[in-house]
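Asker: What follows is a protein structure lacking sequence information:
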Ligand SMILES: [Zn+2]
Ligand SMILES: [Zn+2]
């Protein structure tokens, strides 16, 4: 069994803090621009629809990353192994371990992944069209929160705020996530809201994608079957 991922170093922590600051600033700018651009009921309805679409897309996008890391390569793969794949595999060996991780260890990879996109958007200078702005804001917010929402679904006693959110059905719930950790270990990869899991399963999205990626030569080594 591969060793647990290396302990976090001062450099890792510094990079994570920088990524959190960049993402927080980027989301703040997007929220500010959105707030000032929505000046009619029609735009408000459109922005709300795109916020919802962005949040759903976050479920799909993070579900894809999760499925990929649970299915292909392993913890020793150069570049992506220790930093990206290892936390997913570790989570399957010990699902409760993530509940003991600090905020940066839990969410650092999400912030690092989103920081370049948000930096690019802010650097472009010109505000995005309202609907695109709303979509990107919700997508990025959902994506950076996904590991936290996943963690709450595993917490024996999540914070009161998390329980309220779970009771609304807006975020992943323990019941919705349970299927991911049960045989045949091939479903429930979406861990932001988990809304798309039944659709992905019905359409056999992951098994079909696995057939395509395997045909392209990617080595399969599934979590929970190592
Ligand atoms: Zn998994
Ligand atoms: Zn889990």
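Answerer: Received it, and whenever you're ready, just let me know what you need. In this text, all values refer to a predicted model and were calculated from it rather than measured experimentally. Ligands and ions are numbered 1, 2, ... in the order given.

Asker: From here on, just use CA atoms for contacts and neighbour counts.
Answerer: Noted.

Asker: Please report how far residue 189 lies from residue 69.
Answerer: 10 Å (C-alpha to C-alpha, to the nearest Å).

Asker: Tell me which of those two has more neighbours.
Answerer: Under the criterion of other C-alpha atoms under 10 Å, the comparison of residue 189 against residue 69 puts residue 189 first, with 27 against 24.

Asker: And that one, how far from residue 199?
Answerer: Residue 189 sits 12 Å away from residue 199, going by C-alpha to C-alpha.

Asker: How about residue 188, nearest residue that isn't a chain neighbour?
Answerer: Nearest residue to residue 188, sequence neighbours excluded (C-alpha to C-alpha, 6 or more residues apart in numbering): residue 180, at 4.5 Å.

Asker: right, and that neighbour touches residue 186 too?
Answerer: Yes. At 6.9 Å, residue 180 counts as touching residue 186 under the criterion of C-alpha atoms under 8 Å.

Asker: Assign the nearest residue in space to residue 118 that is not next to it in sequence to helix, strand or coil.
Answerer: Of all residues not flanking residue 118 in the chain, residue 26 sits nearest, at 5.4 Å (C-alpha to C-alpha, 6+ apart). Three-state call for residue 26 (DSSP: H, G, I helix; E, B strand; the rest coil): helix.

Asker: for residue 78, same thing?
Answerer: When classified by three-state DSSP, residue 78 comes out as coil.

Asker: and it, how many neighbours?
Answerer: Neighbour count for residue 78, taken as other C-alpha under 10 Å: 10.

Asker: Next: residue 168.
Answerer: By the criterion of other C-alpha under 10 Å, residue 168 has 9 neighbours.

Asker: Quick check on residue 220: phi, psi?
Answerer: Per-residue torsions, residue 220: phi -80, psi 130 (degrees, to the nearest 10).

Asker: How about it, nearest residue that isn't a chain neighbour?
Answerer: Nearest non-adjacent residue to residue 220, counting by C-alpha to C-alpha, 6+ apart: residue 72, 4.5 Å away.

Asker: That neighbour and residue 181, how far apart?
Answerer: Separation of residue 72 from residue 181 (C-alpha to C-alpha): 17 Å.

Asker: who's more crowded, those two?
Answerer: Neighbours per residue, other C-alpha under 10 Å: of residue 72 and residue 181, the larger number sits with residue 72, 19 against 16.

Asker: show me what contacts that one?
Answerer: Residue 72 is in contact with 218, 219, 220, 221, 222, counting by C-alpha atoms under 8 Å, 6 or more residues apart in numbering.

Asker: Do you know the pLDDT at the first one?
Answerer: On the pLDDT scale, residue 218 is placed at 93.

Asker: Helix or strand: which one has it?
Answerer: Residue 218 belongs to no helix or strand when elements are defined using DSSP states H and E.

Asker: need the contact list for the residue lying farthest from the centre of the chain.
Answerer: For the chain, the largest distance from the centre (C-alpha atoms, centre = their mean) belongs to residue 40, which lies 32.1 Å off. Listed by C-alpha under 8 Å, 6+ apart, residue 40 has no contact partners.

Asker: Local confidence estimate at it?
Answerer: pLDDT for residue 40: 95.

Asker: before we move on, what about residue 127?
Answerer: Model confidence at residue 127, expressed as pLDDT, equals 85.

Asker: Show the contacting residues for it.
Answerer: By C-alpha under 8 Å, 6+ apart, the contact list for residue 127 reads 33, 133.
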